[in-house]
Structure formats: C-alpha cells, structure tokens
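1. Here's my sequence, what's the structure:
(chains A, B, C, D, E and F)
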4 protein chains.
Amino acid sequence: MGVLERQEKEQAIIRAAEEVFFSKGFYNAKMEEVAAKAGLSKGLLYFYFNSKDDLLMAITYKAFERIISTYQKVLSSIQYKTGKEKVLAIMQAYTEFSQKYFYYHEAILNYMSIVRLSLEQEKKGATGILNMETTKQSPYYQKIKSIHNKPVSLVIGAIKEGVQDGSIRNRQKPQMIYVTLWAIIIGYVKLNISMGGQDTTIYHVNPDKWQAYLFQIADHILSTP
Amino acid sequence: MGVLERQEKEQAIIRAAEEVFFSKGFYNAKMEEVAAKAGLSKGLLYFYFNSKDDLLMAITYKAFERIISTYQKVLSSIQYKTGKEKVLAIMQAYTEFSQKYFYYHEAILNYMSIVRLSLEQEKKGATGILNMETTKQSPYYQKIKSIHNKPVSLVIGAIKEGVQDGSIRNRQKPQMIYVTLWAIIIGYVKLNISMGGQDTTIYHVNPDKWQAYLFQIADHILSTP
Amino acid sequence: MGVLERQEKEQAIIRAAEEVFFSKGFYNAKMEEVAAKAGLSKGLLYFYFNSKDDLLMAITYKAFERIISTYQKVLSSIQYKTGKEKVLAIMQAYTEFSQKYFYYHEAILNYMSIVRLSLEQEKKGATGILNMETTKQSPYYQKIKSIHNKPVSLVIGAIKEGVQDGSIRNRQKPQMIYVTLWAIIIGYVKLNISMGGQDTTIYHVNPDKWQAYLFQIADHILSTP
Amino acid sequence: MGVLERQEKEQAIIRAAEEVFFSKGFYNAKMEEVAAKAGLSKGLLYFYFNSKDDLLMAITYKAFERIISTYQKVLSSIQYKTGKEKVLAIMQAYTEFSQKYFYYHEAILNYMSIVRLSLEQEKKGATGILNMETTKQSPYYQKIKSIHNKPVSLVIGAIKEGVQDGSIRNRQKPQMIYVTLWAIIIGYVKLNISMGGQDTTIYHVNPDKWQAYLFQIADHILSTP
DNA sequence: AATGAATGAGCGTTCATTCAT
DNA sequence: AATGAATGAACGCTCATTCAT
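-> From the prediction side, this is the model:
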C-alpha cells in the first residue's frame, strides 16, 4: 500500500470522525460509529491514530492547515493591496470558513482551551472536553504546536503592513487590534450559530446584513485613529 | 421536611454540581463527586433532580435567574439615566458576571445550542455537550423556556429607550444593535478565557485595557448614526 | 447493610474469583465469569475491589491469613513439644494446606515474585502474571506487606527453639535450614501437582510414600549435626 | 529459500520469542514485539508457527532438546565414573542450566502442567498459562511428547547404574530417588529466584553455600541405605 | 426522605490472527 | 516467502441510574 493510499485512508477516517464528533459531540461520539462511517473496522482506527483524542487532534491539525492555507491564498491574491484590505479580506475568509466548517472553528477554540490549560497547571475552570493526559501524548497535538501561531502572525503581519502603508490609522497596538477584531468574529460566529445559522432569523436579524454591518464596524475600527 | 429545607438542599446540590461540572467538565464530572461535595448521598440527587442533564439545566436556570436579577438591579439603580447608559451598564454587568461566573456564561451558551438543535431537527453542526433526549425531558429545561427571552428583552428595551431619548443615535434595528454588542462581549469573554483570563497576558494585551477599549467601541457604535 | 453482610459478600466474591482464576488461569479468567459465579453483577465487583489485580491480592491476603492461622494453631497445639517436632508439624501442615488449597500456594509464590520484582527495579526475568503498576496500588497488596514475614518468622522461631532444646542438631544457620526444608516442600508440591496429585502415580511413585520419605529426610536434616 | 535459511529464520524467531516472552511474561508479550526483535514481519511469524501458543511450545521443545543434549554430554564426559557421580553431575548440570536459562526451566514446568491437565480432563487447579485448546493443536506440542520422557529416563538410568555399581546404596525405588532429588532442585531454583537470584541474599543465605549444602544432602541421600 | 448497594449497558482499547498483494 | 494493513472478538472498567430498605 502506497503512502498516498495510506494518506487517503487517514483522511477518510478524519472525515468520518469530523461528521460523528461534531454531530453528536465528542463525548457522545463512538469510535465504532466513526469506523462504520469510514467503512473500516474499529481496530484500524487505532492503526492510524493513537486514540480518540489523537483523532480529534488530527482534525484540529487539519483545521489549522486549512486556515493557514486559506489565509495564504487570500494574501497572495491581493498581494498589492493595502494592509487594511488584507486584514478585512482575512476576516472575511475566516468568517466564511467558520460558517462552512463550523467544526473546524470549534476544534480550534477547543485546542486553545487545551493549550491554556496546559500552560497554567491549575485545574480551576477546566471545561475542556478532552482528557489532558491522553491529548498531550497525541502526535497530532505535538504537530499543531509547531504551526498554531501561524494564523495569528499572518494577521498581525497584515495589520503592521496597514499601519506602515497608512491604511490602518488605529493607534492601538497591533495585538490589541487583532484580538478586538477576532473577538467580534468569534462572537458573531457563535451567536450566529446559536441563532440557527444562515437559514433562520431569530431576533429578526438577517445574518447577511448583520455580517455586513459588522464588517463596516471593523473597517471603522481599523480606519479611525 | 419543610419546603425551605428542601430548597436549601436543592441549592446545596446545585452549588456542588456547579463546582464539579465546571472544574472537570460536564462529562468528566461524576454524580458521586457532586453528592460527596454536597454532603448527601448519591441516591438523593435523583430525588431532587431527574438526571445529570436535569442538574445541568437547573444550573442553567439559576444562571438565567441571576442574569435577569442582575440586569434588573442595574436598571433600577440607574432608572433615570439615558438608554445608552443603561445598555452600557448592562454590558458592563454581564462582562463582570461572566468573568466571575464563567460557568454560568458557558451554561447559557450551551443552552442556546440546545434550543437551536431542538428547533432545527437537523443534527448538522450539533456540538452541544448534552444528550438531547434526556435534556428535553428535564423539568428545568422547560422552566428555562419561560424566562429565556427576558434578558434579551430587557436589553432591547433599554436600546429602544436610548433611541427614544436620543442617547442612542445608531439607526440600525434594536435587535441588530443587540446582537452586535453581544457578539463583542461573547467574543471577548471567550478569547479572554482562552488567553488565560485576567492573570496572564498572551499576545501582550492587557485584559483591562482591552476591555476598556471594547467599551469605547461599544459606546461609539451606540452613539454614531 | 451491616458490616458482616458486607464481609460475607466480599468473601463470596473472593471464593468465586479463586475458582475462576485458578481453574482458567488469571489471564484467561474473566471478571464477568467471576461475577456470574458469585451471583452478582460485574459492576459490584468493582465496588468491593479496585481491580482484577486487587482481587488476586485479596485472595493472596486470605492465603497468608490462612497459613499464619494454621501455623499458630499447630504451634499452640504442641506447645510443649520440641522445636524439631514443631518444625516438622508446620511442614506437615503446609504440605496438607498446599495440596488442599493449591491455588493459595500458587498465590503466595506469585506474590513472592512480585515482591522480588518490585525490590529489584530490573525487568529482566520478570515472569510474574501481574501488571506491577496496578498491583502496587492494590490496598490488599499493601495489607499483605504487613504480614508477609510472619510465616517465615514462625518457622525460624521454631528452628531456633529446636536448636536451644537440643532437638535440632544441624549446625547450619536457622535461615539455611529454613530455605532448605522449604525448597523440599515447594519442589514436592510442584512435582506432585505436575504428576497429577494424589490420584495418579506417574513414574510409579506413590505420593503418600514419597511424602513420608521426604519427611524422613527432613527429620534427618534437622537431627544430624 | 533453502532449508537451512528456513531453519535459521525459525531459530531467530524462537530466540526473539524467548526474550520477549520471558522478560514480559507470556501474556504481556506481543507478537508484534517478537517480530520486531526477530527483524521480521508479524505475518511471517504465522508462516513459521501456528500460533502464539505454538511458539511457546517451540521454545519448550528447544528447552527439552537442550536438556537432553546437556545430559548426554555430561554422561559421555564421565562415562567411566560411578552412577552416583553421574546423577550428581546431571543434577549439577541442570542446576546451572536452570539458572542460566531460567525460562527454559519455567517452560518445562509449564509443559508439565499442561500434560497433566490434558491427562485429567478436570480443570481443577489448572494454573497453566496456556489456552489448552490451541496448545493441543500445536505441532511442537506433539513433537515434545516424543522426547519428554528422555531426560527422566537418562537420570533413572544413571540411578540404576549407581545401584548396580554400589555407589548408590539408597534402597528406595529409582523413581522415588529421582523425584526426591528433583523436588529439591525445583524447590531450590524456585526459591532462589524468588529470593532474587545469585545477586541478593534474602534471609541472609548465601546462594552458593546453600547450593553446596543441598548437594551434600543429595549425596547423603544417594549414599545412605 | 434518605441511603448506598446493586445494576448493566456501554466504551475505548488491545492484539492474535488473517489475507490481499 | 514475505509484508503489514485489516479484522473483530474480547475485556477491564466506568458510572448514571435504580431500588430495597
């Protein structure tokens, strides 16, 4: 069996796991079901992945890869535009991404909780859905570590560019600008999903209009000194 | 046993459950430990609550009660101020609340996911931490339904007041303003927690300054036409 | 449920485990079967015992208790006889004991392997049938530690007595005498069992005559300077 | 592939299995690890051996071969000495052998348990580490049967010789003498191992002195009418 | 009301064995 | 002969829930 075929099977398992984990929740998800959905035996799952946690980390790794590649595509397609436009384009891209692949978004947020938990050794407030011990042993967890700063640094790079080229006149620190914009997106995605996504309009707010409005605010934040 | 004693015991269980559920995560939490922490037997838990899910719903109900009462206190304490000030005060109150009682915040968000899931029968994107079947049978779940719109309507009321009294000059629909401000708060709380709360400053952003900055933005959103 | 009833149930489980563990071998034994044989649910086994290993240690503890009490009974029944007679009586008692309860004998030998393994940290030559980690956590393992020297010291005490009263004229160190006699018994029990116990006479050796002959040798060892 | 190469590979597997089985115990040993240690694929193990049990039987067969050849070498090297000297020399050889290759000793004892179990159909007292069904189907198990009496008959032959030539004056049946001496050796090896082998001196008994003492007893047993 | 012993379905994981190549 | 991916039965253990008292 070639490396390619092997990677394909790995991806098949990951795809099955994505469906199962995020439709039933990680804890309610059963490896048996993942295997069935992937058309493989349960045992084979453990040939490709160390544990259930490892599988979730594999999904998360894929999420990071996707995000990074999306950002890079966006940035290279508007290589000669202003920093502000780049930041807004990335925001736009992430918003679309997280709506299309909501579970990748959740996986990433979950990963952030884990990292934080492992940084502070305290257990207080630990609401993560993973068993830390097993997770830390996951090879995919280790792999993520090497790339998990990339998305942030791409955005912060764009912000700095915007400050340089004058398109961003906000005088807060780039990091401050970053977390502010990110808070808006995260909040939007969470509330939007809680409200039922694009299809329903709870509170009588049209998601598209709302999103447009939020980007208007983001633009204002970036443009105003 | 009097009603009072009974309510006290109920509250003792809920308090114990809060601690356990949110320090270990709902799935890792054990009823045994809740009972021990409450100083009661495991069996008695099931006299007061139908199930583990019911217990979480009881916590969520309490969370809603607290939020509502907090809002009402805030509103009555600044009864004669402008609508904008009321909205900002409520935002401020919620921010403090969610930082102090992070698990109430999480419980409410979790509840929102459940509601959405039960509205749409589709399972896609379901990431809730609860087994839907058991949850729907929870009496507390039913109780929450009767009050879950209250917080929203209090804020929207304040927004409308602000529009009336001229303190809020934003011409978007009150609902739009509401979800926008709420997205910012939710995103802030989530990111802030992911960054390690008040104690650490990942990305070199000071949480207090960041919060102040966000409220500045919120003020601007409300004030600008 | 009283303490007595609880202890009875514990003993019922231990008895069931004895049967299953030693008829199929520890590894082939299934907790399910132990539960069935005890007439209880599988879960209850884990209410009374921490793990499968703990259960084996409980059996071993019982084995030690039995041995010690057997020795004490023997010794008190021949309180005024010579040391040599005491030693021989104990040997006789152990031989009967290990033939009647062969699994107790095996359990004790197994325990000795474990102790040795935990003394030396080296893994070389480790043929024990237990997972060291789990075993060390077993409360019964800890309990055994407090009594595991008792049988040896009772015998060595009797040997010293015999040396004092002149019935034992062997001038080797008491410990040397002890291990020598014990080697004979252990070898006898092992070979006897391997030959099929009392019922068959492989090699055309009658077990009773053989045993008598071995005791004659033991007597000689003790009596001869 | 020639027969030679094939036998070499078989031996490589057996050697690997010896290491793994006896360092981790048969049940904790994994075929995967055996394969890795032998430098072969897991699948190939099953080309050479029917099952894990078969592999253990192969080791046991090798153990018997070694014993027999050791005995024969010893006997031919002292062809013209007395029967007693031959018996003692064999005992000496076995003692050395079992200390050097403890696992061969264990394998042989294990085999004896199996034989006994298969003779009696009763399961009582069965403490073997093997699944009887699979073992009986092992070709190596069948092979052992054809030679398993050889070591015994060699020793008994020497005993008879000693009786003839007058060096052995013990008037017990040769078989009785055989099992007696063997019990001493088996007990010695077992206790010695339980005490931690040659390196430590539990009970303050020096293994070498003890062994010398035991051979003195053996000599006495053989020499005394 | 209260206890805590008892239940049993459920799950992640392991690993000897098989089989397509 | 040889590989190693694939299988699937098996098992120890957990824990929400129930129930006899």
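2. give the contact list for the residue of chain A found nearest chain D.
-> In chain A, the residue that lies nearest chain D is residue A:47 (11.5 Å; CB to the nearest CB). For every residue, glycine as well, the C-beta is placed using N, CA and C. Listed by CB atoms under 8 Å, 6 or more residues apart in numbering or on different chains, the contact set of residue A:47 is empty.
3. what does chain A have sitting close to DNA strand F?
-> Neighbours of DNA strand F within chain A, by CB under 7 Å from any atom of the strand: A:1, A:6, A:9, A:40, A:41, A:42, A:43, A:44, A:46, A:47.
4. let's go with 10 Å and repeat that
-> Contact residues (CB under 10 Å from any atom of the strand) of chain A with DNA strand F: A:1-3, A:5-6, A:8-10, A:12-13, A:31-32, A:35, A:38-48, A:131.
5. Can I get the buried part of those as one ChimeraX selection?
-> Buried residues among these (16 or more other CB atoms under 10 Å in any protein chain shown), as a ChimeraX selection:
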select /A:9,13,31,35,38,40,45,48
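6. Quick one: the helices in chain A, in order.
-> A:3-24, A:31-38, A:42-48, A:52-77, A:83-100, A:102-119, A:132-137, A:139-145, A:150-165, A:174-194, A:207-223 (DSSP state H).
7. and the residue most central in space within chain A, what does it touch?
-> The residue lying closest to the centre of chain A (CA atoms, centre = their mean) is residue A:105, at 3.6 Å. If you count contacts by CB under 8 Å, 6+ apart, residue A:105 has them with A:63, A:97, A:98, A:189.
8. again, 6 Å this time
-> Contacts for residue A:105 (CB atoms under 6 Å, 6 or more residues apart in numbering or on different chains) come out as residue A:98.
9. Could you do residue A:61 as well?
-> A:140, A:143, A:144.
10. Give me the average confidence score over stretch A:2-9.
-> Averaged across stretch A:2-9, pLDDT comes to 87.
11. where's it relative to the chain centroid, distance-wise?
-> 25 Å (CA atoms, centre = their mean, to the nearest Å).
12. if we can go back for a sec, highest neighbour count among the contacts of residue A:61?
-> Within the contacts of residue A:61, residue A:144 tops the neighbour count with 23 neighbours, counted by other CB atoms under 10 Å in any protein chain shown.
13. where's that one relative to DNA strand F, distance?
-> Per CB to the nearest atom of the strand, to the nearest Å, residue A:144 is found 23 Å from DNA strand F.
14. how about that residue, what does it touch?
-> Applying CB under 6 Å, 6+ apart, the residues near residue A:144 are A:60, A:61, A:64.
15. can you put the residues you listed in CSV and add pLDDT?
-> Listed next are the contacts of residue A:144 as CSV, based on pLDDT from 0 to 100:
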residue, pLDDT
A:60, 97
A:61, 98
A:64, 98
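16. ok, these vs residue D:184, which is closest?
-> Of all the contacts of residue A:144, residue D:184 sits closest to residue A:61, with 63.4 Å by CB to CB.
17. Could you measure from residue A:29 over to residue A:19?
-> Residue A:29 sits 9 Å away from residue A:19, going by CB to CB, to the nearest Å.
18. ok, now residue A:48?
-> From residue A:48 to residue A:19 the distance is 17 Å (CB to CB).
19. ok, residue A:79 - how many residues close by?
-> Neighbour count for residue A:79, taken as other CB under 10 Å: 7.
20. nearest spatial neighbour of residue A:218, skipping sequence neighbours?
-> Leaving aside its sequence neighbours, residue A:218 sits nearest to residue A:181 (CB to CB, 6 or more residues apart in numbering or on different chains; 5.7 Å).
21. Neighbours of that neighbour, how many?
-> Residues near residue A:181, counting by other CB under 10 Å: 23.
22. Give me the domain ranges for chain A.
-> What automatic domain parsing lists as the domains of chain A is A:1-49, A:52-223.
23. any idea which of those domains is most buried?
-> domain A:52-223 (a mean of 18; mean count of other CB atoms under 10 Å in any protein chain shown).
24. so how far is that domain off the chain centroid?
-> 6 Å.
25. is it anywhere near DNA strand E?
-> Yes - judged by CB under 10 Å from any atom of the strand, domain A:52-223 and DNA strand E are in contact via A:52, A:53, A:54, A:55, A:131, A:133, A:134, A:137, A:138.
26. Taking those, tell me the two that lie furthest apart.
-> Within those, A:55 and A:133 form the most distant pair, 15.8 Å apart (CB to CB).
27. on that earlier part again, got JSON lines for the contacts of residue A:61, with pLDDT and distance to residue B:110 too?
-> Listed next are the contacts of residue A:61 as JSON lines, based on pLDDT from 0 to 100; distance: CB to CB, whole Å:
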{"residue": "A:140", "pLDDT": "96", "distance to residue B:110": "26"}
{"residue": "A:143", "pLDDT": "95", "distance to residue B:110": "30"}
{"residue": "A:144", "pLDDT": "96", "distance to residue B:110": "25"}
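28. Of these, just say which sits nearest to chain C.
-> Distance to chain C across the contacts of residue A:61 (CB to the nearest CB) is lowest for residue A:140, with 26.4 Å.
29. so who does that closest one touch?
-> The contact partners of residue A:140, taken as CB under 6 Å, 6+ apart, are A:54, A:57, A:58, A:61.
30. let's see 10 Å
-> A:14, A:49-50, A:53-62 (CB atoms under 10 Å, 6 or more residues apart in numbering or on different chains).
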